[in-house]
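Novice: next comes the sequence, and after it the predicted model I'd like to discuss.
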Amino acid sequence: MIRVENTPDSLQPTPAIRRWLVLFVLTVFVAALVWRVGDLQLRHKTFLQMEGQARYLRVVKSPAHRGMILDRNGEPLAVSTPVESVWINPQVLAKTLMPKTPTDESTKIDEQAVAEHIAKWKTFGKLFGWEKADLERVATEYPNKQFLYVKRHVDPSVSAQVEALDIEGVHLAREYRRYYPIGEVAAHVVGFTNVDDQGQEGIELVFDDWLHGIDGEKRVIQDRLGRFVEDVESIRPPRRGRDLMLSIDQRIQYLAYRALLAGVKHNSARSGSVVVLNVDSGEILAMVNQPSYNPNNWSDRVSNRFRNRAVTDLFEPGSTIKPFTVAAALMSGQFRPDTLLDTSPGLLRIGRHVIKDIHDYGIIDVSTVIKKSSNVGASQLALSTAKDAMWELFFNVGFGEITTSGFPGEVPGLLPHFSEWSEIHQVTLSFGYGLSVTPLQLAKAYAVIASGGLHRNIRIQSTEELLLEEKRVLPADVALQIRQMLESVTDSDGTGKRARVNGYRVAGKTGTIRKSVAGGYSHNRYISAFSGFAPVSDPRLVVVVTIDEPSAGKYYGGEVAAPIFSEIMSGSLRLLGVPPDEHSIRARRIVLAGDRIAFREDPLPLELFSPFLASESVPQ
Amino acid sequence: MVSPVPPQAVSAKQAGRPEYPLDPWLVGVTLLLLGIGLIMVASTSITTAGAPLHYFVRQSMHVVFGLCLAWMMTRFSLKMWENNGPIFLLFGVISLMLVLIPGIGHEVNGSTRWIRFGLFNLQPSEPIKLLFIIYLSGYMVRRNTEVRTQLRGSINPLFVLAIIAGLLLLEPDYGAAAVLFATALGMLFLAGVAFWRFMGGTIVVALLSAGFLLMEPYRLERLTTFLNPWADPFGSGFQLTQALIAIGRGEWLGAGLGGSIQKLFYLPEAHTDFLFAVLAEELGLAGAILVIALFAFLVYRAFLIARRSEVRGFPFGAYLAYGIGLIIGLQAFINIGVNMGMLPTKGLALPLMSYGGSSMLINCVAIGLLLRVEKESRFLPRKDVV
């Protein structure tokens, strides 16, 4: 090889050393790159991957299903269904509406895309009634926020449209929405949840711990726009809430609702309540109030309609208390059902006070006090009864004490202690003034009579095992005698004849209560009530109807509340398949004549009877 | 004395014949890089809302068009380029000036780098690189003696370069200016500029750059954020930290093609300047080293071609091949270095791989010229052997 040096005029190759030098430098470059990439990918990987995970791994909730609320037959009263909630990332919206500078080389397409984007946002806004100005307001108000609910629990059609739009920065979140299949029919019993699935009223509130599920958690990968790309692992699976079976019978509930609604409307009343109890178990089969609300419709959720009046609203029971006054008198041993009382001239003077009957009933027996609802008769009975005995009976049947239903806002009512009673107090108490009760308490007290004197706890939850705690508070014979008297109320000449049910023997008591107003009792504002049970031969159901301030002319309990009672009772008995017992009427008559008691198909054992009655009536 | 052999011993007509096939190694490595690049552009831009294949389709069009241009380059004699270098350079400089005129130039991210031609946007800083290399190669052939022996010879082209660099800095496109300076110095060195003169020139350029940087304190600050991106991972260091996370996720074999998380809008410009980071994430150390090796091989091949051309008395081809090898190699090195936080962030694309029309077409043309050099020099007799 000949090197041509110092021959500047010729195009001689440069020394190879130069090329090698440059190649050496380039090799160093390559080596640096290889070292660095290995360093990053093998040595620093833990740090880098942790930094990465801090950016893209997120722990998100997987919402848990809330337990269903069912009626006693397993029909759903409240169910949770998965729905989507729409939320947006205002930051992305702000960037779309107010772009600073285009960020890409192909800006032409970008402008088109931006215009398309804005058009999409507008379509999106229209779905929720947002104008462009609203979108701009959101964008300017929250340019740095990352999360804003647009609407929660949207209809599936809306969420499908949102999904189809597929806008950057618009997201759907899975949540559960509560649906109440029978709506306002059971609104007061079932209550409702708020948008976060927490119980707010009724059973939803009381049994919230039981019903609510425990949200699960899972780790997901999210992209920088906040969209979940992939589930990585489940940290904790969601735990479904437990179902709850109520004692409510949806069919009876509906029946009661319809009857009450019609009755309240027909009588232009302010409000009304109905309670239907199962005598044998103390279970509430139906509980309805007017006015009601539709828990599915948020705009309908006005707080003054939430009141479950059957447990929160007190009223003076009026004449409906008389069976207990009579029972106390019978228990004292001084009276028998056929003991005669002189109620003429239809009024009774106690100190400054005058107790009046509507008519002068003259000489009547104790039974007729109930049948004709004589205030004078009831007062006379009360005056002959010991205060403590009367108080004890009233207390034992459940007045002045909260029931075990567990409804939120339930009130105990007012039953003054006998030590505070003056004579006039005892007298007014005998026909239902000076104490206050809830419709549920009244139903519970009537259930004592209906069950033959047994006090049972009120229950709203339907449980498999019958945890019946029974307590005898009324001797069986007294209970049966009261039952007879109450049945006579629905005789064709009784005050409650409109409460009759074809094919069944019905017992009950009307009540027409003057509402207490400032300075005394009103003369034109009444509560009409009817409380009763059927069938008399073997009582199964207690129904209490109260109508507040009927203002369409009629206001007597026998005219306003009794027809509603009748409708509910007749429908319920048929729904439950209770055999008609009209045929047993004759048996009762015979028993009365022979002074013997055998109201059930099987005669009751004698030891249930009070000693004085037993000693007199045991056949020789 | 050896009588000068006409440099173009093989005519364009002859070179087109089938017995003169293109250099298979160079074609192979180019196609491999193009293919990997295309796959990665598809993978990184698949998350684009609405049009997942938008960038892939466009880049495919760039590649097809670029390959056509490269093939055309292998058909034309290099003589045309050698003789008309200054004129072509003039066009390039004019386009650089045009881009600075408001209304013609198009600004993106604070830099005015694009001229819009309907569907296609031209980035004049890309062709100027190649045009300057062509000009410099021709200049060094024409003024070979001056270049090697006189200061003037080596200073003159640097003046031309200074003008171009000034225009580039106005855009601003520091990356292109830096690469071009480094390439020019490398070419001058390889063309035989006296060693001490070369060192002096290098030092002057380095001092000028340093002065330019220190003139405005923010420049230095921005330049050095790459040294510790974790100091401000959500501000100035955002892009780099995301790129580093992407690379760190790769490990040996990567997350698998399409398995990148960082491309889910965490890493901006994933399909252009930061393609390599996503590649390292999805294909791992193996893929990253493969790409580095392919570039290294491409540069090595260019140097082989250049050297052969040089010893066979075809200096224009030699200088052109050196220049192309240097500029592709340097750009790849800087881009990959930037991706890995070794160098300050510059808007430089990864040649033959990153998304971008101008860069793709120019690099394809450069490869075409390289193939042509190889072809024309293949059957020249060795000149240094008598």
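Specialist: Received, thanks.

Novice: per-residue pLDDT, the closest residue to chain B within the stretch 251-400 of chain A?
Specialist: Going by CB to the nearest CB, chain B is nearest to residue A:298 of the stretch 251-400 of chain A, at 34.1 Å. All C-beta spots, glycine's among them, are computed from the backbone N, C-alpha and C. pLDDT recorded at residue A:298 is 75.

Novice: for residue A:257, what are its contacts?
Specialist: Contacts for residue A:257 (CB atoms under 8 Å, 6 or more residues apart in numbering or on different chains) come out as A:184-186, A:286, A:288, A:292.

Novice: change it to 7 Å
Specialist: Applying CB atoms under 7 Å, 6 or more residues apart in numbering or on different chains, we find residue A:257 in contact with A:185, A:288.

Novice: which SS class is it?
Specialist: At residue A:257 the chain is in helix, as set by DSSP: H, G, I helix; E, B strand; the rest coil.

Novice: show the pLDDT at residue 52.
Specialist: Since no chain was named, I'll use chain A. pLDDT at residue A:52 comes out at 80.

Novice: other chain: chain B
Specialist: pLDDT for residue B:52: 80.

Novice: do the same with residue A:434
Specialist: 89.

Novice: quick check: the gap between the residue lying closest to it once chain neighbours are set aside and chain B.
Specialist: Of all residues not flanking residue A:434 in the chain, residue A:428 sits nearest, at 4.5 Å (CB to CB, 6 or more residues apart in numbering or on different chains). According to CB to the nearest CB, to the nearest Å, residue A:428 and chain B sit 78 Å apart.

Novice: low-scoring stretches of chain B, by residue?
Specialist: For chain B, residues meeting the criterion pLDDT under 70 lie at B:1-20, B:48-50, B:109-110, B:118-119, B:382-386.

Novice: which residues of it fall in strands?
Specialist: In chain B, the strands defined using DSSP state E lie at B:105-108, B:111-117, B:120-122.

Novice: need those strands in a markdown table (columns: mean neighbour count and distance to residue A:178).
Specialist: A markdown table is the format used below for the strands of chain B (neighbours: other CB atoms under 10 Å in any protein chain shown; distance: least, CB to CB, whole Å):
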| stretch | mean neighbour count | distance to residue A:178 |
| --- | --- | --- |
| strand B:105-108 | 18 | 52 |
| strand B:111-117 | 17 | 56 |
| strand B:120-122 | 18 | 56 |
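
Novice: dump those strands into JSON lines; add distance to residue A:577 as well.
Specialist: Formatted as JSON lines, the strands of chain B follow (distance: least, CB to CB, whole Å):
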{"stretch": "strand B:105-108", "distance to residue A:577": "82"}
{"stretch": "strand B:111-117", "distance to residue A:577": "86"}
{"stretch": "strand B:120-122", "distance to residue A:577": "85"}
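
Novice: now the ones you listed as a markdown table including distance to chain A?
Specialist: Formatted as a markdown table, the strands of chain B follow (distance: least, CB to the nearest CB, whole Å):
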| stretch | distance to chain A |
| --- | --- |
| strand B:105-108 | 6 |
| strand B:111-117 | 6 |
| strand B:120-122 | 6 |
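
Novice: returning to that earlier point: count of neighbours near the residue nearest to residue A:434?
Specialist: For residue A:428, the neighbour count with other CB atoms under 10 Å in any protein chain shown is 22.

Novice: whichever strand or helix holds it: what's the following helix or strand?
Specialist: Assigned by DSSP states H and E, residue A:428 belongs to helix A:423-430. Downstream of helix A:423-430, the next assigned helix or strand under DSSP H and E is helix A:439-450.

Novice: buried stuff in that next one?
Specialist: Buried residues in helix A:439-450, counted by 16 or more other CB atoms under 10 Å in any protein chain shown: A:439-450.

Novice: again, but for stretch A:63-75
Specialist: A:63-72.

Novice: tell me the one of the residues you listed nearest residue B:52?
Specialist: residue A:63 (30.9 Å; CB to CB).

Novice: which ones are touching the closest one?
Specialist: A:174-176, A:215, A:238.

Novice: number of nearby residues for the residue of the stretch 201-350 of chain B found nearest chain A?
Specialist: As assessed by CB to the nearest CB, chain A sits closest to residue B:248 within the stretch 201-350 of chain B, at 2.5 Å. Burial measure for residue B:248: 25 neighbouring residues, criterion other CB under 10 Å.

Novice: tell me if I'm right that it and residue A:40 touch.
Specialist: Yes. Contact criterion CB atoms under 7 Å: residue B:248 and residue A:40 qualify, at 5.6 Å.

Novice: okay, and the common contacts of the two?
Specialist: With CB under 7 Å, 6+ apart as the test, residue B:248 and residue A:40 both reach residue A:48.

Novice: regarding chain B, what is its longest helix?
Specialist: helix B:275-311 (DSSP state H).

Novice: do it and chain A meet?
Specialist: Yes. Applying CB under 7 Å from any CB of the partner chain, one finds helix B:275-311 touching chain A at B:280, B:284-285, B:288-289, B:292, B:296, B:299, B:303, B:307, B:310-311.

Novice: give the buried residues for that helix.
Specialist: Buried residues in helix B:275-311, defined by neighbour count with 16+ other CB under 10 Å: B:275-285, B:287-292, B:294-311.

Novice: try stretch A:479-497
Specialist: A:479-490, A:494-497.

Novice: show me which of those residues neighbour chain B.
Specialist: Of the buried residues of stretch A:479-497, not one also sits near chain B (CB under 7 Å from any CB).

Novice: of all these, which comes closest to chain B?
Specialist: Distances from chain B to the buried residues of stretch A:479-497, taken as CB to the nearest CB, are shortest for residue A:496 (74.0 Å).

Novice: need the pLDDT of the closest one.
Specialist: 87.

Novice: quick one, phi psi at it?
Specialist: Dihedral pair for residue A:496: phi -110, psi 30, per degrees, to the nearest 10.

Novice: and the longest helix anywhere in chain A with helix B:275-311, angle?
Specialist: The residue-count maximum for a helix in chain A (DSSP H) belongs to helix A:16-38. Going by axes from the mean of the first three to the mean of the last three CA atoms, to 10 degrees, helix A:16-38 is angled at 170 degrees with respect to helix B:275-311.

Novice: need the contact list for the nearest residue to residue B:91 once chain neighbours are set aside.
Specialist: Closest residue to residue B:91 apart from its sequence neighbours, by CB to CB, 6+ apart: residue B:131 at 7.4 Å. Residue B:131 makes contact with B:88-89, B:92, according to CB under 7 Å, 6+ apart.

Novice: so which of these also contact chain A?
Specialist: By CB under 7 Å from any CB, no member of these lies near chain A.

Novice: just the ones of these in helices?
Specialist: Members of the contacts of residue B:131 lying in helices (criterion: DSSP H): B:88-89, B:92.

Novice: count the neighbours of residue A:14 for me.
Specialist: Neighbour tally, residue A:14, other CB under 10 Å: 18.

Novice: what angle do the helix or strand where residue A:324 lies and helix A:423-430 make?
Specialist: Counting by DSSP H and E, the element that carries residue A:324 is helix A:322-331. Counting by the same axes, to 10 degrees, helix A:322-331 lies at 110 degrees to helix A:423-430.
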